[in-house]
Every structure is written in C-alpha cells, then in structure tokens.
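**Q** model this:
(2 chains)
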Amino acid sequence: MQTTTDIAQLEAQARRIRRHIIEMTGIAGSGHPGGSLSAADIVTALYFSVMKHRPQEPSWPDRDRFVLSKGHAAPVLYAALAESGYYPVEALGTLRQLGSILQGHPDMCKTPGVEICSGSLGQGLAAACGMALAGRMDRAPWRVYAMIGDGEAQEGEIWEASMFAAHYKLDNLTCVLDFNGLQIDGRLEDVMSIDCPSEKWRSFGWHVVKIDGHDFVQILAAFDEAKRTKNKPTMIVARTVKGKGVSFMENQVGFHGKAPSEEQMKQALEELATE
Amino acid sequence: MAEKRATREAYGAVLIELAKAGRDVVALDADLASSTTTAKFGAEFPDRFFNVGVAEQNMIGVAAGLAASGKIAYTGSFAVFATGRAFDQIRNTVCYGNLNVKICPTHAGLTVGPDGASHQALEDIALMRSLPNMRVIVPADYYEAAAALRAAADIDGPVFVRLGRAAVPVVYDESHTFDLGKADVVAEGGDVTIAACGIMVEVALRARDLLAADGVSAEVINVSSVKPIDAEALVASAAKTGHVVTAEEHTIQGGLGGAIAEVLSEQLPTPMLRVGVRDMFGTSGPADELLIEYGLTPANIAEAARKLLD
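**A** Model (predicted):
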C-alpha cells in the first residue's frame, strides 16, 4: 500500500480517523472513544507510513503485523483498516450491531486485517511476541507492532510477555505504550500507578523511546529508531491525551467507555472538520 | 502384569516424530519441560522449543501468536496451571480466534499423587469442554496418547489432550489409532454400559471382570473424545443395555459423566450413575491409594453397576 512520510498528509488522515471514531461510537451508542482518540496518531502513522501491508490481500505472508492489545480502542483500528481499504468505510456505521463484521472488540475471524482477538486486557503483547518469534524462525522480513494501554500495563501478563520479549531478543517487535494517564475508574496515579514506565521497561531489557504520541515527527522517528535497534525489543512510551482532538473529551475519564450523544457528536465533528 | 507407561511419556516422543516428519511444530513449556517430557523435544530441536519460565498465561499468548503465524503450537505445563491459570487466555485469544494451539498438559487428576490438591487437576475437562472451538481428548493409555497427540497436528484449531504423570497399565498397543469424535467399544456386553475415559478405561475393564463373575455382562466404551462426543455410539449402547455407568479421574460435575448425561437426557433418557470425584479437592498420597480413597476402583464401578441393575 502507498505510504507517506508527509506530515500534513498524516495529520489530515488522523483527522479523518478521529471523525470516524466519533461517528461510529456515536451511531453505535456505545464504545470507547477516549482511548481510541489518544491512539489515533500512532495508529495512523503505522497504517499510512510505517507498515508494509496490502489491504486487498489481508493475509499477505510478508505483511507487517499490528496487534491492538488494548482492544477497547477497536474503533481506531477499524477506522484505519477502512481508510486503508480493507473494507468499505460504510461498514463503520455497523459497529457493535448484530451481524456486523465490527465487533465491540477486535475479532480476527470476522474483520479483515485484524491479526488477533483482543479485548481481554493483557493478552495481545504475548501474542505479538509469538508472531515475532515465528517471523524470526522463518527469517521473514516482516515486523510486529503492538499497542498496549497504560491501564492495561497493570495486568501481570504484560510483564510476563515483556520479560519474554527481552529474553528472546525480539528486535523485530515494537510496542507502543499509549500513556494517556486515565483508566475507567480514574487517573492511573490514583487507581494503580505504573509510576515510571520508561524505567520499568528499560530495566526489563527493552530499548525505550519516549515521545509525544501526537507529534508525527517524533512518532516516525521512534519507529525508525526501533527498526535500527538490534537484539532488543523497543517500547515506545508515548505520552498522549485521552480524547485528543475533541475539546470536551480531552483528559475526561468519563469518555473512556461512553459514546458521544447526538449533540456532542455534532460538536465534535465541527471541531474535527476537514478544510 | 500388563505393561505400564505414563501417558506423558508420549509427549516429547511424538513432538520429535512430528518435527522429523517435517511438520511445522513448535513446543512451549513453563519451566516444567523435564516433567512434561517436552525437554526431550527441546534437546533435539532447540530452535523449535521455547521455555517461557513460570508464566503460563504468557505461554498461551505466545502460542497463539505462533499459531497465527502458521506454526502448530504445542504447550506443556501441568493441567491445573495450563487450564486454570491460563483459562482466559485460552478462551479469549486461542478459542475465540480458533487458533492452532494444542493444550497438552500432564499431571492431570489424582494420580499426580504426593503433590496434593494444588497440583491435582480435577476440573480441567469441564473447563475445556465449555469452550467453543475446543476439542477435548482424554487418552486411555500411552498408545492412545501418542495417537491423539499425532492426530492433534492434523486438526486445524485448538485441541486439549489430557496427560497423566503416573505409569498406568496400557489398554492398546502400537497399532491403535485415534479418531476424533469416535468412541471405542473396548469390550462388548449386554447388561450395563461402562463409559470411561483416561486411566478409568483400564479400571472399567477390571470392573467388567468383577461383574462377569456375578453373571453380569458389561460393555466398556472408551470415550477418549469427550468433545466432540460420539453420541451415536453412546445412544446405541444405552439402547442395548439400558444402564450406564460413567467413570473418570475428574469431578463428576461437568466432565465425562456430565457430557454423557447431556447426550442421553436429550436423546435417550437412561438410568445412570457417575463414578468420579464428588465435589472435593484431592489430597497428598500415593496414586494407587488415592484412587481407593476417592472411590475410583474396579469395585466402585462394579458397585455402581449393581446398584443400577437392582
């Protein structure tokens, strides 16, 4: 698929994806807009700049893989897949409805382009490790990308997988921590602090890159640095804003798992107007 | 004295055989590779064996990722940890995605022995049987375990194969094959059906001898394929004998007895008694003494049959 390093193009693409997130959760009447919006720029960078993939051939053996371990952010993944051409953009309007290819959380059997089922937190990073291991066994050219949430990092399996990736020196694996600081019950530092995640992953044997997760220059540079890093997996600790791009959703824990009302949807789309 | 072998012995051996045959198998274990015998495979195929350390949830997740990338991923560990601790991973990543992961834990049931309740899985069949896409196999002996482990490689999707620690008498020989979804009538009879799985198949055959001495003719069926279950064979036998005893080294809730009760209650209601562990945890002790303590002997099965026939 045609990719770009043009920042203005990526910003415009991210804006379209944010509009989809608002519309699809608004129409569905449920879903997780906050954590989808915080991840939107990183996911845009992956699908429209970083990853090699073929939307017309979802199981192309040499494709790069993306695992959305924080499966609650399914809307951002679905929007990126639709915008890439895996299925028509119109399908986004069926999110969470009976018979839809777009389930509440990612389902690899129903949605073209989804690499693994996720939604039960903590499991995707382990699966991404398995993919990276398989790629290395086969001396395959593809890379594996994963995204975890900061609340998700409270799951023990994340740390099991983090130990594993470093132990087996999975340098074809890059994970992004969507560090937006909020989880359903409140601020991470109040609910269960993950303190200094960069130090944690560094001490687990990862190469760590800290970035602003809404700055495409930094995002692309971090993925590039990960590609060049040998013998270690890379964790990109991306500082993000939950609800990013919609004024009344930004840093609002209430929009973790609540869809915008019709009025809110209208206002959000005005803020995200293209041109 | 019949030949005795532990079903777990088949594990490493079959993995080696599959890899030598060119199958794209990988094996994962969680720091129990010497006990589960996957270490033997690891010694021969170090590039295909990955120890994850004491981290069963990660083991299942990594296996899912390997399977999603085309590998046939076999996993080890003990049945308690492989199915219980990693249940959510098996449910949400492996079974929901219908991935080619084989859950083949050893040390299932009471015959783990001295390690006691914490290590004696008595609910693993029930757990695995409840999951969509999962196939559940409880081999009767070493030869059937080998056949089932081989067959698992040809099934595209999740398979659970229940293996044991203790050396137990063999029922079959090298020529035995395993067919998913097929029960095997090991011995025919007309008065009562004894449907068993795992080590209880051999115990059921001894119960049949006890009953024969009383003039009771028992049919023994090995239901190693617990899911999918051979409803046709079970209904046919129940129709013939009119009495069914089930026997398993597992809780009587939700395991083989439960599965057969589900089939017969809908298709041919038949008087039944279930022999198994009765809503209790295990305890430490020698394997053979535990089977007596928990009522899993030929005499217990024969008694259940007589009770039904009274």
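
**Q** tell me, what residue is most central in chain B?
**A** Centroid-nearest residue in chain B, with CA atoms, centre = their mean: B:V138, separated by 1.9 Å.

**Q** in its sheet, what does whichever strand in chain B runs longest sit against?
**A** In chain B, assigned by DSSP state E, the strand with the most residues is strand B:244-251. Counting by DSSP bridges, the strands paired with strand B:244-251 are strand B:192-196 (parallel), strand B:272-277 (parallel).

**Q** So residue 2: helix, strand or coil?
**A** If you meant another chain, say so; for now it's chain A. coil (DSSP: H, G, I helix; E, B strand; the rest coil).

**Q** which SS state does B:M59 fall under?
**A** Per three-state DSSP, B:M59 ends up helix.

**Q** Identify the residues contacting it.
**A** Applying CB atoms under 8 Å, 6 or more residues apart in numbering or on different chains, we find B:M59 in contact with B:28-30, B:52, B:75, B:77, B:86. C-betas here are computed from N, CA, C, even on glycine.

**Q** so which pair among those is furthest apart in space?
**A** Distance extremes for the contacts of B:M59: the farthest pair is B:D29 and B:A86 at 12.8 Å, using CB to CB.

**Q** what's the next helix or strand after the longest strand of chain B packed up against?
**A** Next in sequence after strand B:244-251, counting helices and strands by DSSP states H and E, comes helix B:256-267. The helices and strands touching helix B:256-267, judged by 3 or more CB pairs under 8 Å, 6 or more residues apart in numbering or on different chains; DSSP states H and E, are helix B:124-129, strand B:192-196, strand B:225-227, helix B:231-241, strand B:244-251, strand B:272-277.

**Q** longest helix anywhere in chain A?
**A** Counting by DSSP state H, the longest helix found in chain A is helix A:7-28.

**Q** send the alpha carbons of that helix over as PDB?
**A** Coordinates of each C-alpha in helix A:7-28 appear next as PDB, following Å, rounded to 0.1, in the frame of the first residue of the first chain:
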ATOM      1  CA  ILE A   7       3.300  15.100   8.000                       C
ATOM      2  CA  ALA A   8       0.500  17.300   6.600                       C
ATOM      3  CA  GLN A   9      -1.000  14.200   4.900                       C
ATOM      4  CA  LEU A  10      -0.700  12.100   8.000                       C
ATOM      5  CA  GLU A  11      -2.300  14.800  10.100                       C
ATOM      6  CA  ALA A  12      -5.200  15.000   7.600                       C
ATOM      7  CA  GLN A  13      -5.500  11.200   7.700                       C
ATOM      8  CA  ALA A  14      -5.600  11.200  11.500                       C
ATOM      9  CA  ARG A  15      -8.300  13.800  11.400                       C
ATOM     10  CA  ARG A  16     -10.500  11.600   9.200                       C
ATOM     11  CA  ILE A  17      -9.900   8.700  11.500                       C
ATOM     12  CA  ARG A  18     -10.900  10.800  14.500                       C
ATOM     13  CA  ARG A  19     -14.100  11.800  12.700                       C
ATOM     14  CA  HIS A  20     -14.800   8.100  12.100                       C
ATOM     15  CA  ILE A  21     -14.200   7.300  15.800                       C
ATOM     16  CA  ILE A  22     -16.800   9.900  16.800                       C
ATOM     17  CA  GLU A  23     -19.300   8.900  14.200                       C
ATOM     18  CA  MET A  24     -19.000   5.200  14.800                       C
ATOM     19  CA  THR A  25     -19.300   5.300  18.600                       C
ATOM     20  CA  GLY A  26     -22.000   8.000  18.300                       C
ATOM     21  CA  ILE A  27     -24.100   5.800  15.900                       C
ATOM     22  CA  ALA A  28     -23.400   2.700  18.000                       C
END
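
**Q** Show me what it is packed up against.
**A** helix A:33-45, helix A:74-84, helix A:216-228, helix A:262-271.

**Q** Quickly run through the sheet partners of whatever helix or strand comes next after the third one, with directions.
**A** Following the chain from helix A:216-228 toward its C-terminal end, the next helix or strand by DSSP H and E is strand A:234-239. Taking DSSP bridges as the criterion, strand A:234-239 forms sheet pairs with strand A:173-179 (parallel), strand A:207-212 (parallel).

**Q** Put together TSV for those, with mean pLDDT and mean neighbour count on each row.
**A** TSV is the format used below for the strands paired with strand A:234-239 (pLDDT from 0 to 100; neighbours: other CB atoms under 10 Å in any protein chain shown):
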stretch	mean pLDDT	mean neighbour count
strand A:173-179	98	28
strand A:207-212	98	19
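
**Q** what's the closest of those strands to B:L296?
**A** Smallest distance to B:L296 across the strands paired with strand A:234-239 (CB to CB): 46.9 Å, for strand A:173-179.

**Q** quick one: that closest one to helix A:74-84, angle?
**A** 130 degrees (axes from the mean of the first three to the mean of the last three CA atoms, to 10 degrees).

**Q** Taking helix A:216-228 as reference, get the angle to strand A:173-179.
**A** 150 degrees.

**Q** ok, and what's touching strand A:173-179?
**A** For strand A:173-179, contacts defined as CB under 8 Å, 6+ apart pick out A:35, A:38-39, A:42, A:70, A:73, A:125, A:128-129, A:132, A:143-150, A:153, A:165, A:197, A:201, A:213, A:223, A:226-227, A:233-240.

**Q** Only whichever of these are buried, select them in PyMOL.
**A** The PyMOL command for the buried members of the contacts of strand A:173-179 (criterion: 16 or more other CB atoms under 10 Å in any protein chain shown) is given here:
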select buried, chain A and resi 35+38+39+42+70+73+125+128+129+132+143+144+145+146+147+148+149+150+153+165+197+201+213+223+226+233+234+235+236+237+238+239+240
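
**Q** quick one, what contacts the residue in the stretch 151-275 of chain A that chain B sits nearest to?
**A** The minimum distance from the stretch 151-275 of chain A to chain B, using CB to the nearest CB, falls at A:E160 (3.6 Å). The contact partners of A:E160, taken as CB under 8 Å, 6+ apart, are A:126, B:52-53, B:55, B:57-58.

**Q** so who does the closest residue to B:G116 other than its chain neighbours touch?
**A** In space, and not counting its chain neighbours, B:G116 is closest to B:S284: 3.8 Å by CB to CB, 6 or more residues apart in numbering or on different chains. Applying CB under 8 Å, 6+ apart to B:S284 gives the contacts B:113-117.

**Q** what about the chain, any weak spots by pLDDT?
**A** Picked chain A for this. Applying pLDDT under 70 to chain A flags the ranges A:275.

**Q** meant chain B actually
**A** Residues of chain B that meet the cut-off, pLDDT under 70, sit at B:1.

**Q** and the residue nearest to B:K227 when sequence neighbours are not counted, what element?
**A** Spatial nearest neighbour of B:K227, chain neighbours left out: B:V136 (4.1 Å); criterion: CB to CB, 6+ apart. In the assignment (DSSP H and E), B:V136 maps to strand B:135-137.

**Q** Over to A:A128?
**A** Taking DSSP H and E as the definition, A:A128 sits inside helix A:124-137.

**Q** Show me what counts as buried in that helix.
**A** Neighbour-count burial for helix A:124-137, with 16+ other CB under 10 Å as criterion, is recorded at A:124-137.

**Q** what about it, near chain B?
**A** Yes: using CB under 8 Å from any CB of the partner chain, we find that helix A:124-137 touches chain B at A:124-135, A:137.

**Q** Let me see the contact set for B:P105.
**A** Counted by CB under 8 Å, 6+ apart, B:P105 has contacts B:36, B:75-79, B:81-83, B:121, B:124, B:162-163.

**Q** In helices only, show me the residues you listed.
**A** B:36, B:79, B:124.

**Q** Roughly how far does the second one sit from chain A?
**A** Going back to what we said before, that points to B:A79. In this view, B:A79 and chain A are 20 Å apart by CB to the nearest CB, to the nearest Å.
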